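Participant: Need a 3D model of the following:
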Amino acid sequence: METQLSISGMTCGHCVAAVTEELESIKGVQAVRVDLQAGGISVATVVSDEAIPARTLGEAVAEAGYAVVGDA
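Facilitator: Numbers count the residues shown, from 1 in each chain. Presented below is the predicted three-dimensional model:
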């Protein structure tokens, strides 16, 4: 299953690494791909075994220091 998240505040590769690490730590997540739009709204695609609650994904992104602004 793929879930896309729109994330604000990301500006560089370090941002991508931080968000990827937090999302990959969620049980069931198989892969994370981030399309960085520096200074804009970046899109993270989360591949998982099953549906993961949006709140869980949002909390992981917040832990990395960024905010989910809605579904992509």
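Participant: what's the closest non-adjacent residue to residue 35?
Facilitator: By the measure of Cβ to Cβ, 6 or more residues apart in numbering, the closest residue to residue 35 outside its immediate chain neighbours is residue 43, 4.6 Å from it. Every C-beta, even on glycine, is put in place using the N, C-alpha and C of the backbone.
Participant: Near the one you found, how many other residues are there?
Facilitator: 17 (other Cβ atoms under 10 Å).
Participant: which ones are touching the spatially most central residue of the chain?
Facilitator: Central residue of the chain (Cα atoms, centre = their mean): residue 44, 4.5 Å from the mean position. By Cβ atoms under 8 Å, 6 or more residues apart in numbering, the residues touching residue 44 are 4, 5, 7, 19, 20, 23, 32, 33, 34, 35, 61.
Participant: so it bridges to which residues?
Facilitator: Beta-bridge pairing for residue 44 (DSSP bridges): residue 5, residue 34.
Participant: what stretches of this structure score poorly on pLDDT?
Facilitator: 70-72 (pLDDT under 70).
Participant: pull the longest helix from it.
Facilitator: Assignment by DSSP state H gives helix 13-24 as the longest helix of the chain.
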